[in-house]
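[1] Give me coordinates for this.
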Amino acid sequence: MSPLCEVLLSTLSESELEQVFRASGGRTRIAASLLRARVEAGLPAGDTDPDRTVAMLSPELTPTVGAGSRESAVLYLLALFAWTPQITPSMVDLVHAAFAAAEVATSATPEELTSLLTAEGLLAASADTDVVFTVPDLIRALMRRVTSVDANLAEKSPREALGAAVSDSIGRQRSDRREGLTEVVELVVELRDWHVLERGWARR
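    A predicted model of the protein is given here:
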């Protein structure tokens, strides 16, 4: 860590320090880049405004999801999780279905890759009875910037894969059942793609 980063970190209270490292999933490069951007903009290092925080994440931090490696498959799965408002058990199933729909080029199962994400701190276990995982805030913001992936890795972008999984989920649901519908609609709002609802309802 550079001397400048150490100085910036020393200006934070214990609670602010814990917050920034929790939000970055313990990635010091992300935390240091954000703190440096805040100070250069004349803001307190411990600034908590969510919109400013996202805007100050350098484009250089945005992951590149290539092909031919286990790491790329892991990043793809993380990008899927990053779009879900709350990661409940049913959302885990839907994300895994989206991963399968994308035909990601990997021999690993989504369950195996999910375990790897938790081990790396990129998915955090939740104490909430309904929510099983959370994505650290800064990691979530960066992964949502992944709008395309190498064609040799997956047939669909993360958003396209989630849209396909949502349409399939709604299409397979009986017309008199509404379980999990609220969660699905909340996900569609995040994706900003209402056509997936139209496609799903057309199949009911």
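[2] and the spatially most central residue of the chain, what does it touch?
    Centroid-nearest residue in the chain: Ala82, 1.6 Å away (criterion: Cα atoms, centre = their mean). Residues near Ala82 by Cβ atoms under 8 Å, 6 or more residues apart in numbering: 135, 139-140, 143-144, 158. Glycine gets a C-beta too; all of them are placed from N, C-alpha and C.
[3] Quick check: the two most widely separated of those residues?
    Within the contacts of Ala82, two members stand farthest from each other by Cβ to Cβ: Ile139 and Pro158, at 13.8 Å.
[4] who has more neighbours, the two?
    Pro158 (29 against 26; other Cβ atoms under 10 Å).
[5] That one: what's it in contact with?
    Contacts for Pro158 (Cβ under 8 Å, 6+ apart) come out as 76, 79-80, 82-83, 98, 102, 146, 149.
[6] With pLDDT and secondary structure as new columns, can those residues be given to me in CSV?
    Shown next, in CSV, are the contacts of Pro158 (pLDDT from 0 to 100; DSSP: H, G, I helix; E, B strand; the rest coil):
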residue, pLDDT, secondary structure
Tyr76, 96, helix
Ala79, 96, helix
Leu80, 96, helix
Ala82, 95, helix
Trp83, 93, helix
Ala98, 94, helix
Ala102, 93, coil
Val146, 92, coil
Val149, 91, coil
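[7] In CSV: those, plus distance to Ala23.
    Output for the contacts of Pro158, formatted as CSV (distance: Cβ to Cβ, whole Å):
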residue, distance to Ala23
Tyr76, 22
Ala79, 18
Leu80, 20
Ala82, 13
Trp83, 18
Ala98, 25
Ala102, 27
Val146, 18
Val149, 25
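[8] picking up where we left off before, chain neighbours aside, what residue packs nearest to the residue nearest to the centre of the chain?
    Spatial nearest neighbour of Ala82, excluding adjacent residues (Cβ to Cβ, 6 or more residues apart in numbering): Met143 at 3.7 Å.
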